[in-house]
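[1] Show me how the following folds:
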Amino acid sequence: MPPTRTPDTMNVTIKHGGKTYPVDVDVTAPVPAFKDSIYKVTGVPAGHAEGYPQGATTCGGGELTNKDDADLSKMGLKPVIGNAGPLPEAPKEQIVFVEDMDDSELAMATRSPPGLINLGNTCYLNSTLQALRTIPQLQTTLESATPPAGPEGRLTTSMKNLFNGMNSTTDAVPPAGLITALRTLAPQFAEQDHGHYAQQDADEAWTALISALRACLPGSTPNGSFIDEWMAIQLTKKMSCPEAPEEPASFSTEKVLKLECNITINTNFLMSGIRDSLDQQVEKNSPTLNRTVPYNVESRMSRLPQYLAIHMVRFYWRRDIQKKAKIMRKVKYPLQLDVTDIMTEELREKVLPINTAVKNILKVRDDRAKIAKRGLGKKKAADEDEKTEDQIRAEEHAEVEKLVKESGVEADVGSNPTAMYELCDDKVSIVPASKIQSMDGGGEDSVAYILLYRRAMAEDTAVGQNVEFSDTSMQIRGG
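    This next block holds a predicted model:
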């Protein structure tokens, strides 16, 4: 269909390469529109042309002078002289828009985690699974593992299949196979209340899952375990008798898979609750006094894992009502957890210099971020940022992966310090990172229940340990 002619449209003839081309020009349009019309019929880009409407523009050194605001209605025409440039080529790779992507492509493009469908009071399990899924080494090991037969093997295989399914979609996934395997392995999770599956404890679900993975997933050494390699904590215990100071203290070691944060009327901070759980008193017979006396048992970490799990002990058994009761007390926890106070003296001497260096690096990064936020020195900050990140990867620093909250919500800090994903069963939301620290108790709202802290990189070959953990992952109980 020929273009619509208006009183402001005039027909002009363009001469190029011995040929003439009729062009309809709107004289009320700007000069760049006329240049575009010439390009369409001759293939000569504006930068290659040496003749345009007289008085409108001339060419100097292959580039047009800046008089695109000229009036076309008052100009004549001159021949267009120049070489036709190549016609625009189609993109080598097809452009795919977000709305045209399927679930698998969208999941890969956005990397947003999918939710898990609540199958009836299974939020305690959903948040626990989301926390475990943030451990990339676990997913890699599951992918290549061939779990043995038996209930623990079936549970491990179900987790492998579930994580594979979650990696290829953005839609919420039902953990049906895994909950069936869990109830077969641990029948208490099949208990019912008034005809429905009963609510369960997320810490008990965590323990059952970790136990199955520990039995089924091999480590990098013969007869080794993946869980022991990445999540085990070695405690050195010192037992002494305060009533008989002359009696030599005894020492022993114990391997545990999580730390406990005991919560009492005096507990206000995470580390104080952990210290309470590590410093205990027991009664035993003293060979020196020849009677039963109190002994102090002081436990300290002599080996730190890559992933440090901490259980906030918020539930206790009430005999009068024959049920678990929740401890509401507010207990604050940091996103970066310095654990030097609960390490053995030997380990502390090795890692303290590294911890100091890491803190200095992080302080420099924070100061630079404040400058960038004010719009000053952005390029300098960006140039320095790459070097600083390399330094950080060479130092010992950790990020908190997941929080399992008491209400069944799981929150993921990830690598973004200002925002995080909140996964409440099948609902996935991005919320401010500050919200992660607001789940510290004090009311009926969601409260942190299991903290999973992650070291930022592998163990230092010279030291073999990390000092500081950061960026929490939190799990929640409930539904």
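[2] Against residue 260, how distant is the nearest residue to residue 124 once chain neighbours are set aside?
    Among residues not flanking residue 124 along the chain, residue 202 sits closest, at 4.1 Å (CB to CB, 6 or more residues apart in numbering). In this view, the C-beta of every residue, glycine as well, is placed from N, C-alpha and C. Per CB to CB, to the nearest Å, residue 202 is found 14 Å from residue 260.
[3] just residue 205 next, same as before
    Using CB to CB, residue 205 is found at 17 Å from residue 260.
[4] More neighbours: the two, which one.
    Higher neighbour count among residue 205 and residue 260: residue 205, with 25 against 16, using other CB atoms under 10 Å.
[5] Look up phi and psi at that one.
    For residue 205, the backbone dihedrals (degrees, to the nearest 10) come out as phi -70, psi -40.
[6] Show the model's pLDDT score for it.
    If you check residue 205, the pLDDT there is 96.
[7] Phi first, then psi, for residue 238.
    The phi/psi pair for residue 238 (degrees, to the nearest 10) reads phi -110, psi 120.
[8] That one reaches residue 298, doesn't it?
    Yes: with contact defined as CB atoms under 8 Å, residue 238 counts as touching residue 298 (4.8 Å).
[9] Which stretches in the stretch 1-150 of the chain count as helices?
    Per DSSP state H, counting those that start in this stretch, the stretch 1-150 of the chain carries helices over the ranges 31-42, 103-110, 123-133, 136-144.
[10] what's residue 331 in contact with, if anything?
    261, 263, 267-270, 273, 312, 440-441 (CB atoms under 8 Å, 6 or more residues apart in numbering).
[11] Read off the pLDDT value for it.
    In this model, residue 331 carries a pLDDT of 93.
[12] so where's the stretch 301-450 of the chain shaky on pLDDT?
    By pLDDT under 70, the low-scoring segments of the stretch 301-450 of the chain are 358, 375-419.
[13] Give the burial count for residue 312, as a bare number.
    Neighbours around residue 312, by other CB under 10 Å: 31.
[14] Distance-wise, check the nearest residue to it once chain neighbours are set aside relative to residue 186.
    Among residues not flanking residue 312 along the chain, residue 261 sits closest, at 5.0 Å (CB to CB, 6+ apart). The spacing between residue 261 and residue 186, counted by CB to CB, is 24 Å.
[15] do residue 171 as well
    28 Å.
[16] which of the two has more neighbours?
    More crowded of residue 171 and residue 186, by other CB under 10 Å: residue 186, with 19 against 13.
[17] Out of the helices of the stretch 1-150 of the chain, the one nearest residue 422 is which?
    Closest approach to residue 422 among those (CB to CB): helix 123-133, 10.2 Å.
[18] Dump the closest one to PDB, keeping only the CA atoms.
    Taking C-alpha atoms only, helix 123-133 is exported to PDB below (Å, rounded to 0.1, in the frame of the first residue of the first chain):
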ATOM      1  CA  CYS A 123       6.100 -26.200  56.300                       C
ATOM      2  CA  TYR A 124       8.700 -27.500  58.900                       C
ATOM      3  CA  LEU A 125      10.100 -29.800  56.200                       C
ATOM      4  CA  ASN A 126       9.900 -27.300  53.400                       C
ATOM      5  CA  SER A 127      12.000 -24.700  55.200                       C
ATOM      6  CA  THR A 128      14.500 -27.300  56.200                       C
ATOM      7  CA  LEU A 129      14.900 -28.500  52.600                       C
ATOM      8  CA  GLN A 130      15.300 -25.000  51.300                       C
ATOM      9  CA  ALA A 131      18.100 -24.400  53.800                       C
ATOM     10  CA  LEU A 132      19.900 -27.600  52.800                       C
ATOM     11  CA  ARG A 133      19.500 -26.700  49.100                       C
END
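[19] other SSEs contacting that helix?
    helix 151-166, helix 176-185, helix 202-216, strand 398-405, strand 409-412, strand 419-424, strand 448-455, strand 473-476 (3 or more CB pairs under 8 Å, 6 or more residues apart in numbering; DSSP states H and E).
[20] Give the other helices and strands that the strand or helix carrying residue 272 contacts.
    Assigned by DSSP states H and E, residue 272 falls within helix 270-278. Under the contact definition 3+ CB pairs under 8 Å, 6+ apart, helix 270-278 sits against strand 259-261, strand 291-303, strand 307-312.
[21] Please name whichever of these is nearest to residue 24.
    So among those, strand 307-312 is nearest, using CB to CB, at 69.8 Å.
[22] Direction included, what does the closest one pair against?
    Here strand 307-312 is paired, per DSSP bridges, with strand 259-261 (parallel), strand 448-455 (antiparallel).
[23] Of those strands, which stretch is the most buried?
    Scoring those by mean neighbour count under mean count of other CB atoms under 10 Å gives strand 448-455 as the most buried, with a mean of 28.
[24] tilt between that one and helix 136-144?
    With axes from the mean of the first three to the mean of the last three CA atoms, to 10 degrees as the basis, strand 448-455 and helix 136-144 are set at 90 degrees to each other.
[25] heads up, I number from 51, so please use that
    Yes, from this point I'll number from 51; that puts the last item at strand 498-505.
[26] Distance from strand 498-505 to the middle of the chain?
    12 Å (CA atoms, centre = their mean, to the nearest Å).
[27] And for stretch 477-495?
    16 Å.
[28] okay but residue 502 is in contact with residue 355, surely?
    No: judged on CB under 8 Å, residue 502 makes no contact with residue 355 at a distance of 10.6 Å.
[29] just to revisit the earlier point, now render the contacts of residue 381 as a markdown table, adding distance to residue 70.
    Output for the contacts of residue 381, formatted as a markdown table (distance: CB to CB, whole Å):
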| residue | distance to residue 70 |
| --- | --- |
| 311 | 86 |
| 313 | 90 |
| 317 | 90 |
| 318 | 88 |
| 319 | 85 |
| 320 | 83 |
| 323 | 88 |
| 362 | 84 |
| 490 | 80 |
| 491 | 83 |
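[30] coming back round to it: CA atoms of the helix holding residue 322 as PDB?
    The C-alpha trace of helix 320-328 is given here as PDB (Å, rounded to 0.1, in the frame of the first residue of the first chain):
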ATOM      1  CA  LEU A 320      23.300 -15.800  70.200                       C
ATOM      2  CA  MET A 321      26.900 -16.200  71.400                       C
ATOM      3  CA  SER A 322      25.900 -16.100  75.100                       C
ATOM      4  CA  GLY A 323      23.400 -18.900  74.500                       C
ATOM      5  CA  ILE A 324      26.000 -21.000  72.700                       C
ATOM      6  CA  ARG A 325      28.500 -20.500  75.500                       C
ATOM      7  CA  ASP A 326      25.900 -21.700  78.000                       C
ATOM      8  CA  SER A 327      25.500 -24.900  76.000                       C
ATOM      9  CA  LEU A 328      29.300 -25.400  75.800                       C
END
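[31] Could you check how many residues crowd around the nearest residue to residue 383 once chain neighbours are set aside?
    Among residues not flanking residue 383 along the chain, residue 320 sits closest, at 4.0 Å (CB to CB, 6+ apart). Neighbour count of residue 320, defined by other CB under 10 Å: 22.
[32] Do I have it right that residue 320 meets residue 382?
    Yes: using CB under 8 Å, residue 320 is in contact with residue 382, at 6.8 Å.
[33] give me every residue that touches the closest residue to residue 314 other than its chain neighbours.
    Counting by CB to CB, 6+ apart, residue 314 lies nearest to residue 326, which is 6.8 Å off, once chain neighbours are set aside. The contact partners of residue 326, taken as CB under 8 Å, 6+ apart, are 312, 314, 317.
[34] Cheers, nothing more for now.
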